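Trainee: Got a predicted structure here, sequence first:
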Amino acid sequence: PPALSERLGPRTWALAIPTSWLSAPMPGLRDDDVLDLLGARPSERATASGIAAGVRVMAVDERTLVVELTAEDASAIASARARGLSLIPILRSTR
């Protein structure tokens with residue numbers, strides 16, 4: 001099989017996201033699934049906002065979700081985590 005770097009599209013990067021960053025695991029994820037990520041802050045005044053859209057699953061296991069994304073999406077995810085937000089994965093339909 002091709003190396004991860006060979007599977008990436010032009011001007012994209014791979015980011016390993018620990019599953020502990022996710023508010024809940026997404027069962028049944030497979031390579032090439034496409035996700036949107038929301039950032040959520042649970043509290044008395046809970047908030048949620050869009051963080052990254054159209055990230056492609058490159059690999060997934062019990063501890064890590066590797067996604068293909070843009071530099072902007074990677075920065076948005078890092079910023080969300082720095083603000084203490086958990087990530088909510090939303091699976092896009094293939095139809």
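Mentor: Now that the structure is in, tell me what you want to look at.
Trainee: Backbone dihedrals for E6, both of them.
Mentor: phi -80, psi -20 (degrees, to the nearest 10).
Trainee: Off-centre distance for the strand ranked longest in the chain?
Mentor: Longest strand in the chain, counting residues (DSSP state E): strand 47-60. Between the centre of strand 47-60 and the centre of its host chain there is 4 Å, according to C-alpha atoms, centre = their mean, to the nearest Å.
Trainee: Please name the strands paired to that strand in the sheet, noting orientation.
Mentor: With DSSP bridges as the test, strand 47-60 is paired with strand 34-41 (antiparallel), strand 64-69 (antiparallel).
Trainee: just those strands: most buried one?
Mentor: Highest mean neighbour count among these (mean count of other C-beta atoms under 10 Å): strand 64-69, with a mean of 20. No exception for glycine: its C-beta is placed from N, CA and C like everyone else's.
Trainee: Now do the contacts for the residue nearest to T70 when sequence neighbours are not counted.
Mentor: Among residues not flanking T70 along the chain, T12 sits closest, at 6.3 Å (C-beta to C-beta, 6 or more residues apart in numbering). By C-beta atoms under 8 Å, 6 or more residues apart in numbering, the residues touching T12 are 68-70.
Trainee: how close does T12 get to T19?
Mentor: 21 Å (C-beta to C-beta, to the nearest Å).
Trainee: Look up the residues forming beta bridges with the closest residue to S49 other than its chain neighbours.
Mentor: Excluding the flanking residues, the one nearest S49 by C-beta to C-beta, 6+ apart is G39, at 5.6 Å. G39 forms beta bridges with S49, L87, as assigned by DSSP bridges.
Trainee: G39 and A76, how far apart?
Mentor: In terms of C-beta to C-beta, G39 sits 8 Å off from A76.
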